[in-house]
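Engineer: Here's my sequence, what's the structure:
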Amino acid sequence: DIDADIIIINTCAFIESARKEAVDNILDVAWLKENRHLKGIIVTGCLAERYREEIFEEMPEVDALLGVGSIHRIVDAVRAVEAQVKAQETAKKSLDAACKYRSFEDKNTVELGGDRVLTTPDYAAYLKIAEGCDNRCAYCAIPYIRGGYRSRPMEELVREAKELSALGVRELTVIAQDITRYGIDLYGKVCLTELLKELCKLDFRWVRLHYLYPELIDDELIDEIASEDKIVKYLHTSVDSGIEVLLLSCEHLYDIVILFFKLVILTLVAVNNSFYKVFEEKSVYAEKFSVTNGSSEQTSHNVSSALV
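Structural biologist: The predicted model follows:
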């Protein structure tokens, strides 16, 4: 049991397992509303953004919806749900979906960053350097859920990283839907290498890079990864599933680059029996991949399993 009057459920909706988990969580909380004293349920995040027209109809227990561009409307949503609860108690019946609170402001203009609440172990933290994605693969919903690519200012990121370091964080994971594109929208050029140089001046022991796209991995970035002791020596990149129909359906240059990249990997593996030969001189390894199929399911594999 819980003491809360209203529960806010933040959701993911990119892959099927995340959607299922979000729906299950909503239904679990709905049981509390039905059988305990919980009064209201607010659903936020990607599930609300992606299925804004369906949620109220499919799950009438939900009292309010906030899209990814409306995170600053949390207090408004809580107050609205309180008012809705009073109205329902007075009318002694549930409100129609049209009467329930919803807010879906422009996700491309929402302010990024803000105060941090660490939910990771004390020694580790994520630093999100950008939001959204401009790659627009035909099979991927991220640009439609999270919006276009928006980098956070470098000085803001360095300031946040200093705060994390002061809290005792020693392992920093740099993340975004595509970190290799960092800075191109703000500064007119890719600035990931420059950002990494600044982050590595701080008191971190390890800096990990998650979600690099091959089309923008250049010699400058590889040299920085190789020469900087703090940067963990692997590339967490994405390789599409290899289904020809899927690859042909993709809508931008990245997919052609990916197909070429995969063919190069397969050739190197066949000749050398090891992908590590690609970056052997620089001691940089691409030993982890996120492999996607047409339903946007993702799993992680090492090099050998990713290429089977």
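
Engineer: Give the rounded mean pLDDT of the host helix or strand of residue 8.
Structural biologist: In the assignment (DSSP states H and E), residue 8 maps to strand 6-11. Per-region confidence: strand 6-11 scores 96 on mean pLDDT.

Engineer: That one - contacts with which helices or strands?
Structural biologist: If contacts are counted by 3 or more Cβ pairs under 8 Å, 6 or more residues apart in numbering; DSSP states H and E, strand 6-11 sits against helix 16-35, strand 40-45, helix 46-50, helix 74-91. C-beta: built from backbone N, CA, C; applies to glycine.

Engineer: Buried residues in the longest one, which are they?
Structural biologist: By 16 or more other Cβ atoms under 10 Å, the buried positions in helix 16-35 come out as 18, 19, 22, 23, 25, 26, 29, 30, 32, 33.

Engineer: Adding distance to residue 97 and pLDDT, write those out as a markdown table.
Structural biologist: A markdown table is the format used below for the buried residues of helix 16-35 (distance: Cβ to Cβ, whole Å; pLDDT from 0 to 100):
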| residue | distance to residue 97 | pLDDT |
| --- | --- | --- |
| 18 | 24 | 88 |
| 19 | 20 | 91 |
| 22 | 19 | 94 |
| 23 | 17 | 94 |
| 25 | 20 | 95 |
| 26 | 15 | 95 |
| 29 | 18 | 94 |
| 30 | 15 | 94 |
| 32 | 21 | 92 |
| 33 | 16 | 91 |
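
Engineer: which of the residues you listed lies closest to residue 200?
Structural biologist: Using Cβ to Cβ, residue 18 comes nearest to residue 200 of the buried residues of helix 16-35, at 32.1 Å.

Engineer: Can you verify my assumption that that closest one contacts residue 25?
Structural biologist: No: with contact defined as Cβ atoms under 8 Å, residue 18 does not reach residue 25; the gap is 10.6 Å.

Engineer: shared neighbours of the two, anything?
Structural biologist: Common contacts of residue 18 and residue 25 (Cβ atoms under 8 Å, 6 or more residues apart in numbering): residue 11.

Engineer: thinking again about what came up before, ok, of the buried residues of helix 16-35, which one's closest to residue 189?
Structural biologist: The closest of the buried residues of helix 16-35 to residue 189 turns out to be residue 18 (Cβ to Cβ; 33.4 Å).

Engineer: Roughly how far does the residue nearest to that closest one when sequence neighbours are not counted sit from residue 49?
Structural biologist: Leaving aside its chain neighbours, residue 18 sits nearest to residue 12 (3.9 Å; criterion: Cβ to Cβ, 6 or more residues apart in numbering). Between residue 12 and residue 49 the distance is 10 Å, computed by Cβ to Cβ, to the nearest Å.

Engineer: Who has more neighbours out of the two?
Structural biologist: Just comparing residue 12 and residue 49: by other Cβ atoms under 10 Å the higher neighbour count belongs to residue 49, 23 against 15.

Engineer: wait, isn't that one in contact with residue 103?
Structural biologist: No: with contact defined as Cβ under 8 Å, residue 49 does not reach residue 103; the gap is 10.9 Å.

Engineer: So for those two, which residues contact both of them?
Structural biologist: residue 67.

Engineer: so is residue 110 in a helix, a strand, or just coil?
Structural biologist: The assignment at residue 110 comes out as coil when based on DSSP: H, G, I helix; E, B strand; the rest coil.

Engineer: roughly how far is the strand holding residue 8 from the heart of the chain?
Structural biologist: Computed by Cα atoms, centre = their mean, to the nearest Å, the chain-centroid distance of strand 6-11 equals 18 Å.

Engineer: next one: stretch 23-41
Structural biologist: With Cα atoms, centre = their mean as the basis, stretch 23-41 stands 26 Å off its chain's centre.

Engineer: what are the ranges of the helices in the stretch 151-300 of the chain?
Structural biologist: Counting by DSSP state H, counting those that start in this stretch, the stretch 151-300 of the chain has these helices, from start to end: 154-166, 184-187, 192-199, 219-227, 244-249, 253-272.

Engineer: distance of residue 70 from residue 196?
Structural biologist: Applying Cβ to Cβ to residue 70 and residue 196 gives a distance of 33 Å.

Engineer: same check, this time on residue 175
Structural biologist: As judged by Cβ to Cβ, residue 175 and residue 196 stand 13 Å apart.

Engineer: Those two: which is more packed in?
Structural biologist: residue 196 (21 against 16).

Engineer: pLDDT value on the more buried one, please?
Structural biologist: pLDDT recorded at residue 196 is 98.
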